[in-house]
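Colleague: Kindly return the folded structure for what I paste below:
(chains A and B)
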Amino acid sequence: MTTARWNARVGRIGLYTLLVWICLFFSIPLLVVIATSLKTSDEVRTFSIFTLPSAPGIAAWIKAWSSACTGLNCGGVRVGFWNSVRILIPSVIISVMAGSVTGYALSHWRIRGANVIMLLLLFCAFIPYQVILYPLVKTFSTIGIYSSLPGIIAVHIVFGLPVMSLLFRNFYIGLPDELVKAARIDGAGFWRIFAFVMLPMSVNILIVATILQTTGIWNDYLLGLIFAGRDNMPMTVQLNAIATTSTGVIEYNVNTAAALLTALPPLLIYFASGRYFVRGITAGAVKG
Amino acid sequence: MSAVSVSGLFKSFGPLQVLKNINLPIEAGDFTVLLGPSGCGKSTLLNAIAGLEDTDAGIIEIDGADVTPREPSKRGIAMVFQSYALYPTMTVRKNMSFGLRVRSVPRPEVARRVDWAARLLQIHELLDRKPSQLSGGQRQRVAIGRALVQHAKVFLFDEPLSNLDAKLRTEMRVELKRLHKELDATIVYVTHDQIEAMTLATRIAVMRAGRIEQYAAPDDLYEEPATLFVASFVGSPAMNFLPGRLLAGNSPAVQVGSTRVPLDGYRFRTPPAAGQEVVVGIRPEHVAIARDEPSAQTMDAEALFMEPMGADTLGWFQFDQNRLSARLVPQVARGLSGRVRLSLLSDHVSLFDPSSEARL
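Modeller: Predicted coordinates for the structure are as follows:
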C-alpha cells in the first residue's frame, strides 16, 4: 500500500522533472528571442543574449514592422505581411472548398476508379516538393503565371489538395451512407446534398482544415521564394531577406522582432481555435 | 394493375450474384415483407426498387410505369432507413420538409403536409428540435413522417425497427400496422425478424441467396411452406423435421420410424411415389402427448427437458435419432419425464423432397 503510493509519487516527480526540462528546452530560445527584440541595439551588442532587457521598449518592433530594409526597400515586414495575406486568403478558401468537394465525391458517390484516385492522392500527399519544383517552374513560366500572385496561389491550392481531400474524405466516410440515400430520394442532387446536408455537418472539420492550411501556407518559405516573385514576396521570404541583409550593422533586435511578427499570426490562430481543432480531430474519430 | 412489379431482376456485385431472377408483383394496399437471413439480397432488392442500386437486368414498374432507368426521386417512392438517416443539422420540421422544398412544393402546402404527418404520428411538440435531442423511438417516428409527407405511391422500409429495444419495437409494430390501415398505403418492408414479418405483412416474400423461395400470405407461408428453408426460417421455435418414407396403398401415409402417419387430407403438389424418401415437417404445436393406447400412429419418445414460456411450455423429446419439440399446455408438461407417447396431428404435416428441398 505505502510502497505503491511511494512508487506513484516517484513516478510523478520523474514525470514533472521531464516536463520541466522539455519546457525549458523549447522556451529558452523563445525567451531569448523575445528579450532580444525588446532591447536596444547597443544592449544587444554589449551584453550576453541571456540577460534581460534593462529598459524594455518596442522600438525594434516598430522598426521591423514599418522600416526594416530588404536590400534597398525599406518598408518593413508589413509589406510581406500584406503579401502573405493576399496569398493566404484565396489559397485557403479555394483549397479547403475544393478538398471538401473532392472528399465528399470520393466518399459518397460511386466514381469509376475512386480507389485509384485515392491511392494517387495519398501518394501525392507525401511527395517532397523538391522533386517536382523544376518541372513545375517550367510549366508555370510556359503558361505565364510564374512569379505572380495567381501563380503562387495556384501552387498552394495544388499542393494543399491531396491532404485536404484525404482529410475530408476520411471525415465524410464516417458519415452514414443512408444520409445521402435519403437526400437522393428527397430529390436532392450532388451539389444540393453537399451544400445542405454535408457542409452543415462539417463545421469542425472545416475549422481543422482551415487551420492546417492557414498555418501551412503562412509558414511556407520554399514555394513563396520560388513562385511568388519579388512583388509578392510573402512575409517568411522577406524575413529571411531582412535577416541576411549584409549591408551595415546587423540589428539583431530588429531581426528577432521581425521573426516574432512573422510567427504571430499562426500562433494567434492556434490559441484562438485550439478548442475547435481538438474537437474537429476527435469528431472524425468518434463518429465513425 | 400492380402498385409495384419487379420482373426478371438480376444484380451482381462483381462475381457475386446477389439477385437472381426476381419476380415480385405487389398489389396496391399490400404490406409486403421481404424476409430472409442477412446476405440474402433483401436490402439490395429494396434498394433496387428505390433506384439507389443499379440493376443488371430486369424491369421495375411502379404504378404501371417502367421506372428502371429513373432516379430515386422520380419514382414516386419514399423510404425509411434502418439508421433513420435524419439530417442532423436540421430541425424535425426541416427534415420533414426538405424533400418537398427540393421539389418546390408551395410553402402553405409544405406546412399543411408536415402538420398532417406530425398529427398522425403525434410528434407535434418535437417539430423544432434537432434529431440529437430525440429518443430512438421519436427519431423513428420523424423518419416515418419524412416519408409520409411525400405522398408517395409506395413506401419502402429498410429494417426500420432493428435499432429499437424490444418494448419499443412492439409499440412501433402496432403503430406501423395502424398507419398502413389508416393510409391504405402500399408498403415494401425489409426485415430478418420473422415475427415482425408475420405480424405486419399481408404478403411475405421469403428470400434466400438472391432468390425468392416463397411469396405468399403469412398464414399460407406458415401452414404450407414451399421449401425446407421457408419451413425452418418461419416460425419460432422452428418446425421439426423427421426422416420418413411414403407408403403405398389406397390411403396415402408416411412411415416415420415405426409410426405410420396418415396423409388423407394432404394436398400433394406432385403425385407421390411409394417408397420415396421424404422429410416430414411438423410444427411444435402440432405434436401432442397421446392419451390413448399405443398404436401404429403414436410414437414412443423420451422426454428430455421442459422450457416453460408462460402461456405454454416447450417440451423437448428424443425420438430415435431425432430431437423433437412440442408446444404443450403447462399443466400437461409439468412433471413430464421418461418414456412418453407422442402423436402428430397429421392434418398439419408438411412433406419435402430431401434432395430438391421442395414441398411435395
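Colleague: Please identify the helix or strand for the residue nearest in space to the middle of chain B.
Modeller: Ranked by distance to the mean C-alpha position of chain B (CA atoms, centre = their mean), the top residue is B:Ala197 at 3.3 Å. Here B:Ala197, judged by DSSP states H and E, is contained in helix B:194-200.
Colleague: and that helix, what does it pack onto?
Modeller: Counting contacts by 3 or more CB pairs under 8 Å, 6 or more residues apart in numbering or on different chains; DSSP states H and E, helix B:194-200 is packed against strand B:31-35, helix B:166-183, helix B:218-223. All C-beta spots, glycine's among them, are computed from the backbone N, C-alpha and C.
Colleague: which of the ones you listed sits most buried?
Modeller: Of all the helices and strands packed on helix B:194-200, strand B:31-35 has the most neighbours on average by mean count of other CB atoms under 10 Å in any protein chain shown, namely a mean of 27.
Colleague: Quickly run through the sheet partners of that strand, with directions.
Modeller: Here strand B:31-35 is paired, per DSSP bridges, with strand B:186-191 (parallel), strand B:203-208 (parallel).
Colleague: Tabulate the ones you listed in JSON lines, adding columns for mean pLDDT.
Modeller: Converted to JSON lines, these look like this (pLDDT from 0 to 100):
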{"stretch": "strand B:186-191", "mean pLDDT": "95"}
{"stretch": "strand B:203-208", "mean pLDDT": "96"}
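Colleague: Now mean neighbour count too, for those, in TSV please.
Modeller: Compiled in TSV, the strands paired with strand B:31-35 are given as follows (neighbours: other CB atoms under 10 Å in any protein chain shown):
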stretch	mean neighbour count
strand B:186-191	25
strand B:203-208	25
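Colleague: now the ones you listed in a markdown table, with distance to B:Arg334?
Modeller: Listed next are those as a markdown table, based on distance: least, CB to CB, whole Å:
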| stretch | distance to B:Arg334 |
| --- | --- |
| strand B:186-191 | 36 |
| strand B:203-208 | 35 |
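Colleague: Residue 265 is in what secondary structure piece?
Modeller: Reading this off chain A. helix A:252-287.
Colleague: buried set for that helix?
Modeller: A:252-263, A:265-266, A:269, A:273, A:276-277, A:280, A:283-284 (16 or more other CB atoms under 10 Å in any protein chain shown).
Colleague: Likewise for stretch B:70-90?
Modeller: Going by neighbour count (16+ other CB under 10 Å), the buried part of stretch B:70-90 is B:72-73, B:75-90.
Colleague: With stretch B:226-243 instead?
Modeller: By 16+ other CB under 10 Å, the buried positions in stretch B:226-243 come out as B:226-231, B:233-235, B:239-242.
Colleague: Just give me the closest of these to chain A.
Modeller: Nearest to chain A, judged by CB to the nearest CB, of those is B:Phe233 at 26.2 Å.
Colleague: Contact partners for the closest one?
Modeller: B:Phe233 is in contact with B:Leu35, B:Gly36, B:Pro37, B:Gln194, B:Val206, B:Arg208, counting by CB atoms under 8 Å, 6 or more residues apart in numbering or on different chains.
Colleague: which two in the residues you listed are spaced the farthest apart?
Modeller: Across the contacts of B:Phe233, the longest distance by CB to CB is 13.0 Å; it joins B:Gln194 and B:Arg208.
Colleague: Assign a three-state SS to the closest residue to A:Gly151 other than its chain neighbours, would you?
Modeller: Once flanking residues are discounted, A:Gly151 sits nearest to A:Ile145: 3.9 Å by CB to CB, 6 or more residues apart in numbering or on different chains. Secondary structure, DSSP: H, G, I helix; E, B strand; the rest coil: A:Ile145 is coil.
Colleague: Mind listing what's buried along the helix or strand hosting A:Asn204?
Modeller: A:Asn204 is part of helix A:203-219 when elements are defined by DSSP H and E. Judged by neighbour count using 16+ other CB under 10 Å, the buried positions of helix A:203-219 are A:204-219.
Colleague: Would you pull up how far stretch B:220-231 lies from the middle of the chain?
Modeller: In terms of CA atoms, centre = their mean, to the nearest Å, the centre of stretch B:220-231 is found 11 Å from the chain centre.
Colleague: end to end, how far does that stretch reach?
Modeller: One end of stretch B:220-231 to the other measures 11 Å (CA to CA, to the nearest Å).
Colleague: per-residue confidence averaged over that stretch?
Modeller: Stretch B:220-231 shows a mean pLDDT of 94.
Colleague: and if you look at stretch B:61-76?
Modeller: The average pLDDT within stretch B:61-76 is 92.
Colleague: I would like the residues contacting it, please.
Modeller: Contact with stretch B:61-76 is made by A:181, A:184-188, B:1-7, B:49-52, B:55, B:58-60, B:77, B:99, B:102-103, B:152-154, as judged by CB under 8 Å, 6+ apart.
Colleague: same thing with stretch B:248-266?
Modeller: Contacts to stretch B:248-266, defined as CB under 8 Å, 6+ apart, come from residues B:242-247, B:268, B:272, B:274-275, B:278, B:280, B:296-299, B:319-320, B:344, B:346-347, B:349, B:351.
Colleague: among these, which are in strands?
Modeller: Among the contacts of stretch B:248-266, the members falling in strands (DSSP state E) are B:242-247, B:278, B:280, B:298-299, B:319, B:344, B:351.
Colleague: What's opposite the nearest residue to B:Asp56 once chain neighbours are set aside in the beta bridge?
Modeller: Nearest non-adjacent residue to B:Asp56, counting by CB to CB, 6+ apart: B:Phe10, 4.6 Å away. B:Phe10 has these beta-bridge partners by DSSP bridges: B:Ala57.
Colleague: So B:Phe10 versus chain A, what's the distance?
Modeller: 19 Å (CB to the nearest CB, to the nearest Å).
Colleague: Verify the stated contact: that residue with B:Thr55.
Modeller: Yes: B:Phe10 is in contact with B:Thr55 according to CB atoms under 8 Å; the separation is 6.8 Å.
Colleague: Those two: which is more packed in?
Modeller: B:Thr55 (22 against 16; other CB atoms under 10 Å in any protein chain shown).
Colleague: residue contacts, that one?
Modeller: Contact analysis of B:Thr55 by CB under 8 Å, 6+ apart lists B:Leu9, B:Phe10, B:Lys11, B:Leu19, B:Ala48, B:Thr68.
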